[in-house]
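>>> kindly return the folded structure for what I paste below:
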Amino acid sequence: MRLDVRFVDRVGIAQEILAVLSSRRLNVVAVEVEPPHIFIDAPALAAAELEGLRRALAQVAGVTDTAEVDLLPGARRRLHLEALLAAMPDPVLAVDAGGVVSAGNAAAAAVAGVPEEALAGRALGRLLGDPALVDELVRSGFRAPAREVAIRGEPFLLEAAPVGDAARSAGVPAAGGVVTLQSPRRVGDTLHAVQSHATGGGLDAILGDSPAMRALKARTARVAALEAPLLVHGETGTGKELVAHACHAASPRRDAPFLALNCAALPESLAESELFGYAPGAFTGAQRSGKPGLVEMANHGTIFLDEIGEMSPYLQAKLLRFLADGRFRRVGGDRELQVDVRVISATHRDLEALVAARAFREDLFYRINVLVLQVPPLRERGDDILLLARHFLARACAQIQRPTLGLSPAAAAALLAGPWPGNVRQLENAIFRAAALCDRGVLDVADLEPSGAGAAAEAPARPAGTWDEAVARFEEGLLRSLYPSHPSSRKLAARLGTSHTLIASRLRRYGIGRGS
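As a prediction, this is how the structure comes out:
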């Protein structure tokens, strides 16, 4: 039986409490003192004897209560720690000041290829196959920077931290350390989690209910389940990465990383090392331990190559070799690695024209152009403009911490009439700018004017005259531009999201629809 004896602390009280148990010939196998508690494990104590023992302990000056407990605190902490270590997917090793493993979790045992109970007592240098590295860790008090190691041929990122007082105070010698190992795939999972926060989720994250977007979502759902390379076409700002991410999220690879590389944002040498990683000492300034690339970190997942039309000829050749069988070498490395990833590419350029101009490899074009998705520009999905605008407006107001703004009918009409050459990205930026600068509770045309949203109306963007004259010219130009495709006041009202009465009044005012 295990007991919790509560007491008022004083010198010698613990000895007096234990003397009571000794007088009853009760064997005590464990004692933990945590004032105002003393926890006692007496296996031979029977339930029938508890009440008599409780009365005897009450005679000790300062004892206030005695109760039965299921576990001593130290045993409970050990069980929780063991459960925590067992649940951790990364290998974790506790190491003493001499570099000898004192404990490890199941993941560490699996990586080392030994039973979990056989980890304790093994030299860390032997497990890592690098005694010099362990000597460095011990000399540095387990404060050395992260580096890459290979265990049984598999790469891991090793991180070490001191334990005890050394973990809290600089300059204190370490009594040991905790060593954590992360595989490139686990590092990729972390990057994936960060990127996913920005890119959103699956098909539901693609906003839009226009016919063009319904068709895109249906096609995306079909190609998501296929393992072939996918090429996403679309103008700048249409949301190609969002579509690629949705395709990954709807695929069998959804639980593995989705990692992206913008081929136009990096010079050739840096893009190559980001994509394929580099070996130790590959170039000046490189990490001494080397670094895994995105293809390693995305193993069993998806790599998204944005603006692949901007990729250099050298990197095109290396990518072509990788697409053939999933094999590659790190920059400066001599060991061939193999991974299983799906490649999704995106471009706003005409790759066939680039192939004809010998600016893009023809063989690579046919490798990546197996499945194709075409993301429509915003001008072809006008029914989605107000849906997107209200979504961006709510998000912008949340970001700048102000109450959600409304959208006036005139502002809605201006948004619908805008050409939006920058597509969804331009719309989002225009809404954010307007929300940040608007000093009223409703966005109006004037707030959107710097974005060029109203430039499509046939009236001048900044007409001369009074405010009323400018609004009238804008309204007339907008209605005349939309009336041929919506030839009734009810259709126009539905298109512009306002009342039939208002539209009918404006049509009569400007003489539209009566043989005009």
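
>>> check contacts around Lys291.
Going by C-beta atoms under 8 Å, 6 or more residues apart in numbering, Lys291 touches 148, 273, 277-278. Quick note: C-beta positions are derived from backbone N, CA and C, even for glycine.

>>> narrow those residues to those in strands?
148, 277-278 (DSSP state E).

>>> if you rank the residues you listed by neighbours, which is first?
Gly277 (26 neighbours; other C-beta atoms under 10 Å).

>>> for it, which non-adjacent residue is closest in space?
Closest residue in space to Gly277, ignoring its immediate chain neighbours: Gly293 at 3.2 Å, by C-beta to C-beta, 6 or more residues apart in numbering.

>>> can you tell me how far the one you found is from Thr180?
Between Gly293 and Thr180 the computed distance is 21 Å (C-beta to C-beta, to the nearest Å).

>>> now do Gln59
52 Å.

>>> what of Val33?
33 Å.

>>> do Ile13 as well
43 Å.

>>> who has more neighbours out of those two?
The neighbour comparison of Ile13 against Thr180 (other C-beta under 10 Å) goes to Ile13, with 20 against 17.

>>> pretty sure that one sits against Leu57.
No. Look at Ile13 against Leu57 with C-beta atoms under 8 Å: they stay out of range, at 10.7 Å.

>>> joint contacts of the two?
In contact with both Ile13 and Leu57: Val63, using C-beta under 8 Å, 6+ apart.

>>> report pLDDT for Gln195.
Here, the pLDDT recorded for Gln195 equals 56.

>>> what are the ranges of the strands in the stretch 401-516 of the chain?
Under the criterion DSSP state E, counting those that start in this stretch, strands of the stretch 401-516 of the chain are mapped to 406-407, 442-443.

>>> let's have the ones you listed in a markdown table, adding mean neighbour count.
Putting the strands of the stretch 401-516 of the chain into a markdown table (neighbours: other C-beta atoms under 10 Å) gives the following:
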| stretch | mean neighbour count |
| --- | --- |
| strand 406-407 | 18 |
| strand 442-443 | 18 |
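
>>> Throw those into TSV and include mean pLDDT and distance to Val101, thanks.
Shown next, in TSV, are the strands of the stretch 401-516 of the chain (pLDDT from 0 to 100; distance: least, C-beta to C-beta, whole Å):
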stretch	mean pLDDT	distance to Val101
strand 406-407	90	63
strand 442-443	89	63
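
>>> any chance of those strands in JSON lines with distance to Ala161 as columns?
As requested, those are arranged in JSON lines below (distance: least, C-beta to C-beta, whole Å):
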{"stretch": "strand 406-407", "distance to Ala161": "52"}
{"stretch": "strand 442-443", "distance to Ala161": "51"}
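
>>> of all the ones in strands among the contacts of Lys291, which comes closest to Leu387?
Gly277 (41.5 Å; C-beta to C-beta).

>>> give the full set of residues in contact with that closest one.
Gly277 touches 290-293, 295-296, 330-331, 333, counting by C-beta under 8 Å, 6+ apart.

>>> rerun that using 7 Å as the cut-off
By C-beta atoms under 7 Å, 6 or more residues apart in numbering, the contact list for Gly277 reads 290-293, 296, 330-331.

>>> can you lay out the residues you listed as a markdown table showing secondary structure?
Shown next, in a markdown table, are these (DSSP: H, G, I helix; E, B strand; the rest coil):
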| residue | secondary structure |
| --- | --- |
| Gly290 | coil |
| Lys291 | strand |
| Pro292 | strand |
| Gly293 | coil |
| Glu296 | helix |
| Arg330 | coil |
| Val331 | strand |
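
>>> tell me how many other residues crowd the residue lying closest to Val29 once chain neighbours are set aside.
Ranked by C-beta to C-beta, 6+ apart and with sequence neighbours excluded, the top spatial neighbour of Val29 is Asp41, at 5.1 Å. Asp41 has 19 neighbours, counted by other C-beta under 10 Å.

>>> one more: Glu68?
By other C-beta under 10 Å, neighbour count at Glu68 equals 12.

>>> show me what the helix or strand hosting it is packed against.
Element membership for Glu68, per DSSP states H and E: strand 63-69. Packed against strand 63-69, as judged by 3 or more C-beta pairs under 7 Å, 6 or more residues apart in numbering; DSSP states H and E, are the following elements: strand 2-7, helix 47-58.

>>> just the mean pLDDT for stretch 163-170, thanks.
67.

>>> sorry, slip of the keys, the one I care about is stretch 469-477.
Across stretch 469-477, pLDDT averages out at 76.
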